[in-house]
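*Asks:* The following block contains a protein sequence and its predicted model.
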Amino acid sequence: MAKKIKKAKKIGLEKWELQERWTLPLDIKIKMTEQRIREWYKYWNGEVYVSFSGGKDSTVLLDIVRNIYPNVQAVFIDTGLEYGEIRSFVKTIDNVVWLKPKMNFKKVIEKYGYPVVSKKVARFVRDLKKPLEINAKTQNLRRTGYNQNGFFCPSQKLSKKWMYLIDAPFDISEQCCEIMKKEPFHRFVKETGKKPMNGVTAEESQMREKMYLRNGCNIFREKDSISMPIAFWANQDILLYLKEKKLPYCSVYGDIIKKENKLITTGELRTGCTFCCFGVHMEKGENRFQKMYKTHPKLWDYCMNKLGLQDVLDYIGVKTIPRKIKH
């Protein structure tokens, strides 16, 4: 196997190449994705699985994979952070392995802190909230951008906009994803030797876009090999696939309709961890917690009052209750 991994090379795509792929027709994208899946499957002699969240992206990926290889397992991490509709939908899918993290979200935030703003910002704030004597060099890097050799590394400096979080009356951390999602998957890979196929897309974040441009869809490494066969798809492709194929998907998204020549869902836009605060400050219109207040009031109450998210969101200026419209 080591010999195989040694042969793998980085793709090194340019941004314009990704932009061109975004414009390709859906049928071409499906064929390209099928090619990546076959390559991954054959490389690992069929010892592969689909990381299945129950969301629309992984639902599309699982359908394409099983159209080629019907017996490929899906693996779902039951974190306790999903909408009830997600768990119900996953139960309707055959051949799904359910795994649980070793620590629940309440214990994670008590031990490490809340996921606020973004993984990068949360990591930098966590570094800066540690005692100075523990990591003085790292703290200087986070505050000034200068490393121990005197080189300026702006991407390693906490933005002035978020410096106030250092004094927050609660801990902040990016650790929840590692503990609640990645660790169970790592455990499964270690126990089975199977390699993952993940339904992430480059469109979702700058980090994932950079990852795709650097490596392409299939990443062959000894410790963290991963396939992202739909990485070059846009959200519109996902919705179009679900609609054209009449593929069942989780009800929490609502219906797929066309509005202003664009496909949208009438329900939730995202179905990741319901308690996550990453990116909520950037959401326009009603944010995820304002919607939750109306659609899942019991879950909202648990988030705000049992987990303490109300104080956290108040601190970063995010509203949690929909504004009443005057008639």
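*Replies:* Cool, got the structure. Worth saying up front: this structure is predicted, and the values here are computed from it rather than measured. Numbering: from 1, shown residues only.
*Asks:* low-confidence ranges in this protein?
*Replies:* Regions of the chain meeting the criterion pLDDT under 70 cover residues 1-11, 323-327.
*Asks:* Show me what the helix ranked longest in it is in contact with.
*Replies:* Longest helix of the chain, by residue count under DSSP state H: helix 26-43. Contacts to helix 26-43, defined as Cβ atoms under 8 Å, 6 or more residues apart in numbering, come from residues 4, 21, 24, 48, 61, 64-65, 68-69, 72, 195, 197, 217-218, 220, 227, 229-230, 232-233, 237, 240-241, 244. Yep, even glycine has a C-beta here, placed from its N, CA and C like the rest.
*Asks:* check contacts around residue 54.
*Replies:* Here residue 54 is in contact with 76, 82, 86-87, 89-90, 250, 271 (Cβ under 8 Å, 6+ apart).
*Asks:* if we go to 7 Å?
*Replies:* 76, 82, 86, 89-90, 250 (Cβ atoms under 7 Å, 6 or more residues apart in numbering).
*Asks:* what's the offset of stretch 153-167 from the middle of its chain?
*Replies:* Remark: stretch 153-167 is offset 23 Å from the chain centroid, using Cα atoms, centre = their mean, to the nearest Å.
*Asks:* ditto for stretch 70-89
*Replies:* Worked out by Cα atoms, centre = their mean, stretch 70-89 lies 14 Å from the chain centre.
*Asks:* May I have the distance across that stretch, first residue to last?
*Replies:* Its start and end residues considered, stretch 70-89 measures 19 Å (Cα to Cα, to the nearest Å).
*Asks:* Can you point out the buried residues in it?
*Replies:* Buried residues in stretch 70-89, defined by neighbour count with 16 or more other Cβ atoms under 10 Å: 72, 74-77, 79, 81-83, 85-86, 89.
*Asks:* what do you get for stretch 93-109?
*Replies:* Residues of stretch 93-109 classed as buried by neighbour count (16+ other Cβ under 10 Å): 96, 101, 103, 105, 108-109.
*Asks:* Make JSON lines from those residues and add distance to residue 188 and secondary structure to it.
*Replies:* Formatted as JSON lines, the buried residues of stretch 93-109 follow (distance: Cβ to Cβ, whole Å; DSSP: H, G, I helix; E, B strand; the rest coil):
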{"residue": "96", "distance to residue 188": "12", "secondary structure": "strand"}
{"residue": "101", "distance to residue 188": "12", "secondary structure": "coil"}
{"residue": "103", "distance to residue 188": "17", "secondary structure": "coil"}
{"residue": "105", "distance to residue 188": "20", "secondary structure": "helix"}
{"residue": "108", "distance to residue 188": "20", "secondary structure": "helix"}
{"residue": "109", "distance to residue 188": "24", "secondary structure": "helix"}
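*Asks:* Which member of those residues is positioned nearest residue 312?
*Replies:* Distance to residue 312 across the buried residues of stretch 93-109 (Cβ to Cβ) is lowest for residue 109, with 9.0 Å.
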